[in-house]
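Visitor: Model the structure of this input:
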Amino acid sequence: MDIAQLHFLVAEGDQVQRHALADILVHLGVGRITQAPDGHTALRHFNGGITPQVDIVVIDLALPGMDALELIRRLGEAHSKAGVIVVGAQTNAVLFSVETMAAAYGVNVLGAIGKPVIGSRLAALLQDYLAAGEAHGVRESAPALSFAEVGEGLQKREFDPFFQPKIELESGQVKGLEMFARWRHPLHGVLGPASFMPALDSAQRIDFLDWTMIEKSVAACRRLHEKGVPISVSINVDQSTLAHPQFMEQIAACLGRHRVMADYITFEMTESAVLTTDPHFLERLLRLRMAGFGLAIDDYGTGRSNLQLLARIPFSELKIDPSFVDGAARRPAIGTVLRSCLGLARSLDRRSVAVGVETKQDWDFLQGLGCTYAQGYYIAKPMAAEDFPAWLADWQHFF
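Guide: Modelled structure (predicted):
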């Protein structure tokens, strides 16, 4: 992605500062810049079709007319895909709260910068935006598929687990693989969860997918062991799947079929799923841990858990949500939250896993904080099981 091809909108009430921001962008190589002196003018550039599509908008919090908070809300309501950079003379705490609000509205917030704006800070945000675009490529909208179509795909065994490596930050060694469900659709190609999870969720049959992924992931784990790669596998499971009365018997039978020990399997559950005091669910988790399985709390930081509740759950890993990992090195408020998450994991004697490591800056920052593991696109995208040995050889050669 070439920055010179992107269209920028600078929404700033003060003419001198507006021109100064535009000058910084020109210096960074931006070719198309539109300026707006107030919020109403800025919004018209999105709604009125008076300019080409805006790719990135820089919004001053002291914007006159329609203020910045309302403009951000309007962009969210309009489902704008433009990247948003917020600038302001407020404290880091206020800037972080604005970022949080923008994300909650569904806005693609790239970051917030205090005034006076320094070119290097702006350049870092733009570099991350460009790098993310290159890493993820052009994302096509996922086809909306029915429960009947998903069920047919499962029956035809078109679903496969893809795996993303989990790296120990201290040593650089590969310590595990997280499973991601993928559908090898005969017409649409490889599809991610957005194409099939809504249908399964609506029908309350996520267990259909869970058991397919458990069986295939354990089988893949055995094949890797036979190739001399004794690696562990993490499998995402829904709370309803774990709650099934026959779960323990079925998982024991699965491991027996493939001759895999429980120590090599970790089950991941979202933070919201474990926010319960149900004794039956807690008993199930205890039985899994006592049998040797690992338990990981995924998406940590997105729920309402507290130290007392987490201390009751026998989990072995705390997986920190990407929203607290990506960009933490350059955004002090997020970095503070990340440190708190890592401190919580250490205080409970649990391993910490930073998810969503996108850049070397993220990697270096996490190393300095003493995080246990990292995974993300900076390391590798999820890959088919058969592709992992070759990737592993390349990684080990690099390190």
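Visitor: which residues of the stretch 201-350 of the chain fall in strands?
Guide: All strands of the stretch 201-350 of the chain, identified by DSSP state E, counting those that start in this stretch, fall at 233-236, 265-270, 294-300, 317-320.
Visitor: With the stretch 51-200 of the chain instead?
Guide: Going by DSSP E, counting those that start in this stretch, the stretch 51-200 of the chain shows strands at 56-60, 83-88, 108-114, 159-168, 174-185, 189-191.
Visitor: Export those to a markdown table and append columns for mean pLDDT, distance to L130 and mean neighbour count.
Guide: Where you see a C-beta, it was placed from the backbone N, CA and C, and this is true even at glycine. Listed next are these as a markdown table, based on pLDDT from 0 to 100; distance: least, C-beta to C-beta, whole Å; neighbours: other C-beta atoms under 10 Å:
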| stretch | mean pLDDT | distance to L130 | mean neighbour count |
| --- | --- | --- | --- |
| strand 56-60 | 95 | 10 | 25 |
| strand 83-88 | 93 | 10 | 24 |
| strand 108-114 | 88 | 11 | 21 |
| strand 159-168 | 97 | 22 | 22 |
| strand 174-185 | 96 | 25 | 21 |
| strand 189-191 | 92 | 25 | 15 |
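Visitor: which residues are contacting the biggest helix by length in the chain?
Guide: As assigned by DSSP state H, the longest helix anywhere in the chain is helix 206-226. Helix 206-226 is contacted by residues 150-151, 154, 157, 159-161, 163, 179, 181, 196-197, 200, 230-233, 235-238, 240-241, 244, 250-251, 254-255, 257-260, 264-265, 385, 388-389 when judged by C-beta atoms under 8 Å, 6 or more residues apart in numbering.
Visitor: Pull the distance from that helix to the chain's centre.
Guide: In terms of C-alpha atoms, centre = their mean, to the nearest Å, the centre of helix 206-226 is found 23 Å from the chain centre.
Visitor: Next: stretch 57-73.
Guide: For stretch 57-73, the distance to the chain centre is 27 Å (C-alpha atoms, centre = their mean).
Visitor: which parts of it are buried?
Guide: For stretch 57-73, the buried set under the neighbour-count rule, 16 or more other C-beta atoms under 10 Å, comprises 57-61, 63, 65-69, 71-73.
Visitor: which of the residues you listed lies closest to K381?
Guide: V57 (29.0 Å; C-beta to C-beta).
Visitor: mind listing what the closest one touches?
Guide: 8-11, 42, 75, 82-85.
Visitor: Distance check, it against V237.
Guide: Distance from V57 to V237, counting by C-beta to C-beta, to the nearest Å: 40 Å.
Visitor: Could you do F163 as well?
Guide: Distance from F163 to V237, by C-beta to C-beta: 16 Å.
Visitor: now do L154
Guide: For L154, the distance to V237 equals 16 Å [C-beta to C-beta].
Visitor: Those two - which one has more neighbours?
Guide: Using other C-beta atoms under 10 Å, the more surrounded residue of L154 and V237 is V237, with 21 against 18.
Visitor: Give me the pLDDT value at the more buried one.
Guide: If you check V237, the pLDDT there is 94.
Visitor: Show the backbone phi and psi for it.
Guide: phi -130, psi 150 (degrees, to the nearest 10).
Visitor: That one contacts T266, correct?
Guide: No: shown here, V237 and T266 do not form a contact pair, counting by C-beta atoms under 8 Å, at 10.2 Å.
Visitor: Selection in ChimeraX covering whichever of the contacts of helix 206-226 are buried, please.
Guide: Typed into ChimeraX, the line below selects the buried ones among the contacts of helix 206-226, using 16+ other C-beta under 10 Å:
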select :150,151,154,159,160,161,163,179,181,196,197,200,231,232,233,235,236,237,238,241,251,254,255,260,264,265,385,388
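Visitor: which residues sit against stretch 322-334?
Guide: If you take C-beta under 8 Å, 6+ apart as the criterion, stretch 322-334 is touched by 92-93, 95-96, 99, 103, 111-112, 121, 124-125, 128, 301-302, 335, 337-338, 341, 354-359, 361-362, 364-366, 376.
Visitor: Same check on stretch 192-199?
Guide: 142-147, 149-150, 153, 180-183, 185, 188, 206, 209.
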